[in-house]
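**Student:** Quick check, what structure comes out for this input:
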Amino acid sequence: MLQWSQSFETGIVDVDKQHQHLVSLLNELNEEVLLQLQYDNYDKIMAILLDLREYTEEHFSIEEKLMKDAMERIIEEDKLAEFWSYFKNHKKQHFEFIGKIKVIFDKDIDEQQEDISIELVAFLMDWLKGHILNIDQKLPLYLNS
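**Tutor:** Presented below is the predicted three-dimensional model:
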């Protein structure tokens with residue numbers, strides 16, 4: 001079980017609430033992995049995947065809009081160029097995340113419940129470490145520039 005900590009916080013209230021929801025989904029999925037030996041949890045895995053898909057659509061849209069709005073206010077060309085590079089990388093990672101979720105949806109989830117659940121837990125843990133703790137932590141620096 002992953003506990004929410006201040007190290008995940010960006011200081012952007014809406015973004016942090018959405019990240020907390022992702023941690024909640026991860027913990028829920030992790031719990032399902034442990035319970036898989038006791039019962040078929042296809043319905044629960046599908047519900048988590050659907051929630052995850054909704055989360056990403058809303059969350060990524062909000063983050064990207066925040067960045068676009070902030071870029072419109074930047075006057076200095078070097079700051080804008082640096083922010084643009086950050087934005088492109090950030091958006092690319094969002095695109096890759098969405099692609100990974102689509103790949104999982106294309107699998108035979110009913111037949112591969114355990115493998116898919118474990119794969120998804122590992123992917124989300126990597127995402128938290130790689131994206132939220134690194135990329136998203138820089139977001140306030142760019143939004144406030």
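**Student:** what's Glu76 sitting at in phi/psi?
**Tutor:** The phi/psi pair for Glu76 (degrees, to the nearest 10) reads phi -70, psi 130.
**Student:** check contacts around it.
**Tutor:** Glu76 sits next to no residue when contact means Cβ atoms under 8 Å, 6 or more residues apart in numbering. Quick note: C-beta positions are derived from backbone N, CA and C, even for glycine.
**Student:** quick one: it and Glu82, what's the gap?
**Tutor:** Here the criterion is Cβ to Cβ, to the nearest Å. By it, Glu76 lies 9 Å from Glu82.
**Student:** Report the distance from the top helix by length along the chain to the chain centre.
**Tutor:** Assignment by DSSP state H gives helix 42-72 as the longest helix of the chain. Offset of helix 42-72 from its chain centre (Cα atoms, centre = their mean, to the nearest Å): 7 Å.
**Student:** in that helix, what counts as buried?
**Tutor:** For helix 42-72, burial by neighbour count (16 or more other Cβ atoms under 10 Å) applies to 44-45, 48-49, 51-52, 55-56, 59-60, 63, 66-67, 70-71.
**Student:** and the next element down the chain from that helix?
**Tutor:** Downstream of helix 42-72, the next assigned helix or strand under DSSP states H and E is helix 77-105.
**Student:** The helix or strand that that following helix is followed by packs against which elements?
**Tutor:** Beyond helix 77-105 on the C-terminal side, the first helix or strand identified by DSSP H and E is helix 113-127. Judged by 3 or more Cβ pairs under 8 Å, 6 or more residues apart in numbering; DSSP states H and E, helix 113-127 is in contact with helix 13-35, helix 42-72, helix 77-105.
**Student:** wait, which of those helices is closest to Gln113?
**Tutor:** Nearest to Gln113 among the helices and strands packed on helix 113-127 is helix 42-72 (5.9 Å), distances taken as Cβ to Cβ.
**Student:** So which other helices or strands are in contact with that closest one?
**Tutor:** Helices and strands touching helix 42-72, by 3+ Cβ pairs under 8 Å, 6+ apart, are helix 13-35, helix 77-105, helix 113-127, helix 139-143.
**Student:** Check the average confidence over it, would you?
**Tutor:** For helix 42-72, mean pLDDT rounds to 92.
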